[in-house]
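Engineer: Sequence plus predicted model, see below.
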Amino acid sequence: MKTYLEFNREERFYCSLYSHALLSSELTSQKFSELIKRKYDIFLTPDDIEVYVEVAALRDYWNDLGNPKKYSEETHLNRLHTIETILYDSDISTKIIETEDFFWTKGKPKKIWIPSHWNLKDSNNTDIEKLKLIKWSFNAKPDILIKSKSMALLIEAKFESKEGRDGNSGYEQFKVQEKVAHLMKLLIPYFQETHFLNTVLSVDGKDGISWKELFNTLNEASIDKFTWDCFQKFR
């Protein structure tokens, strides 16, 4: 009888497992830093890294602006300023905030919607493609964020799956990921001085890092048995 680790192919699981290895093994973080230096000429500090999985930084930043369920003038102004900043950066007139219903909740008092909730289905705005990209960015959750001092990697992991695309809506996952990094740097004070690199973790490594390259940063003696066994079966 096979154990589950012998046939588990979930990308998110292995992202979490590798994140654990990075944080718990000095040798793994050192080898990973060397890999990134070779591929991108970017230096990460092995003993000073932060690792986040399923990153919803834009959503979390929005919630941190104020209580999402309770109206206050301060929260309203913070959110309004955030939306104005995003629109201005995207070369969209801020005047549409007052003319487009999708920016606002129903009921009284009206509140500014988080962009992930914008209902753009019936909008004929000339900037609809830019608005959709903003909305998708607030819905996106890059698989791994690795931050080290002023550097940050946003990694999208692919094994069984390919880049998410929708010809009808124009959705392109990797383009959205680039927008996520841009908006994180634009909006979130903690990331404003951060240099972002978006990359892809895939089987062939053609667009970034290969799973094999990641496996080669692991050492049986430096990580726990379960993590080692899982990655051996994942090969």
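Structural biologist: Received it, and whenever you're ready, just let me know what you need.
Engineer: can you give me the helices in the protein?
Structural biologist: 11-24, 26-40, 57-64, 73-89, 96-99, 128-139, 173-187, 211-215, 225-234 (DSSP state H).
Engineer: The third one: which residues count as buried?
Structural biologist: By neighbour count, with 16 or more other CB atoms under 10 Å as the criterion, the buried positions of helix 57-64 are 57-59, 61-62. Heads up, the C-betas are built off the backbone N, CA and C, glycines and all.
Engineer: So for residue 156, which of the helices of the chain sits nearest?
Structural biologist: Proximity to residue 156 (CB to CB) singles out helix 173-187 among the helices of the chain, at 5.7 Å.
Engineer: any idea how far residue 113 is from residue 138?
Structural biologist: Between residue 138 and residue 113 the distance is 10 Å, computed by CB to CB, to the nearest Å.
Engineer: Looking at these two, which is more packed in?
Structural biologist: Neighbour totals were compared for residue 138 and residue 113, and residue 138 leads with 23 against 19 (other CB atoms under 10 Å).
Engineer: before we move on, back to that, can you redo the helices of the chain as CSV with distance to residue 165?
Structural biologist: Below are the helices of the chain laid out as CSV (distance: least, CB to CB, whole Å):
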stretch, distance to residue 165
helix 11-24, 17
helix 26-40, 25
helix 57-64, 21
helix 73-89, 24
helix 96-99, 28
helix 128-139, 12
helix 173-187, 7
helix 211-215, 22
helix 225-234, 25
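Engineer: In TSV: those, plus mean pLDDT and distance to residue 150.
Structural biologist: Output for the helices of the chain, formatted as TSV (pLDDT from 0 to 100; distance: least, CB to CB, whole Å):
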stretch	mean pLDDT	distance to residue 150
helix 11-24	94	18
helix 26-40	96	14
helix 57-64	96	17
helix 73-89	96	21
helix 96-99	93	33
helix 128-139	96	22
helix 173-187	95	11
helix 211-215	93	24
helix 225-234	90	29
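Engineer: closest to residue 202 out of those?
Structural biologist: helix 211-215 (7.3 Å).
Engineer: Now residue 46: closest residue in space, sequence neighbours ignored.
Structural biologist: Of all residues not flanking residue 46 in the chain, residue 29 sits nearest, at 4.1 Å (CB to CB, 6 or more residues apart in numbering).
Engineer: check contacts around that neighbour.
Structural biologist: 22-23, 46-47, 49 (CB atoms under 8 Å, 6 or more residues apart in numbering).
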